[in-house]
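Novice: Predicted coordinates and the sequence they were generated for:
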Amino acid sequence: LSNRIFQAHNDIVEHCCRAWNRLVDQPWRIMSIGLREWAYGF
């Protein structure tokens, strides 16, 4: 969302939904973040 100008609230929601769906389609990316050694220290 940074460095963007949106015309309406719906444009922001649409952009966020597209980004979320791209992330959900890549579960290995989420898993790779959670499986890092430093993540177990908390």
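Specialist: Cool, got the structure.
Novice: got a list of what Ser32 touches?
Specialist: Residues in contact with Ser32, defined by Cβ atoms under 8 Å, 6 or more residues apart in numbering, are absent; none qualify. Quick note: C-beta positions are derived from backbone N, CA and C, even for glycine.
Novice: List the buried residues of stretch 8-25.
Specialist: In terms of neighbour count (16 or more other Cβ atoms under 10 Å), stretch 8-25 has no buried residues at all.
Novice: Check what contacts it and list those residues.
Specialist: With Cβ under 8 Å, 6+ apart, stretch 8-25 has contacts from 1, 4, 6, 29-30.
Novice: now with 6 Å?
Specialist: Stretch 8-25 is contacted from outside by Phe6, using Cβ atoms under 6 Å, 6 or more residues apart in numbering.
Novice: avg pLDDT for that stretch?
Specialist: Throughout stretch 8-25, pLDDT has a mean value of 94.
Novice: begin at 810 from here
Specialist: With 810 as the first residue, the last one maps to stretch 817-834.
Novice: got the CA positions of that stretch in PDB?
Specialist: What follows is the C-alpha trace of stretch 817-834 in PDB, where atoms were taken according to Å, rounded to 0.1, in the frame of the first residue of the first chain:
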ATOM      1  CA  ALA A 817     -11.700   4.900  -3.400                       C
ATOM      2  CA  HIS A 818     -11.900   2.600  -0.400                       C
ATOM      3  CA  ASN A 819     -12.900  -0.300  -2.700                       C
ATOM      4  CA  ASP A 820      -9.600   0.100  -4.600                       C
ATOM      5  CA  ILE A 821      -7.700  -0.400  -1.300                       C
ATOM      6  CA  VAL A 822      -9.800  -3.400  -0.400                       C
ATOM      7  CA  GLU A 823      -9.300  -4.900  -3.900                       C
ATOM      8  CA  HIS A 824      -5.600  -4.400  -3.700                       C
ATOM      9  CA  CYS A 825      -5.300  -6.000  -0.300                       C
ATOM     10  CA  CYS A 826      -7.500  -9.000  -1.400                       C
ATOM     11  CA  ARG A 827      -5.300  -9.600  -4.400                       C
ATOM     12  CA  ALA A 828      -2.100  -9.500  -2.200                       C
ATOM     13  CA  TRP A 829      -3.600 -11.800   0.400                       C
ATOM     14  CA  ASN A 830      -4.700 -14.300  -2.300                       C
ATOM     15  CA  ARG A 831      -1.200 -14.300  -3.800                       C
ATOM     16  CA  LEU A 832       0.200 -15.100  -0.400                       C
ATOM     17  CA  VAL A 833      -2.300 -17.800   0.400                       C
ATOM     18  CA  ASP A 834      -1.400 -19.500  -2.900                       C
END
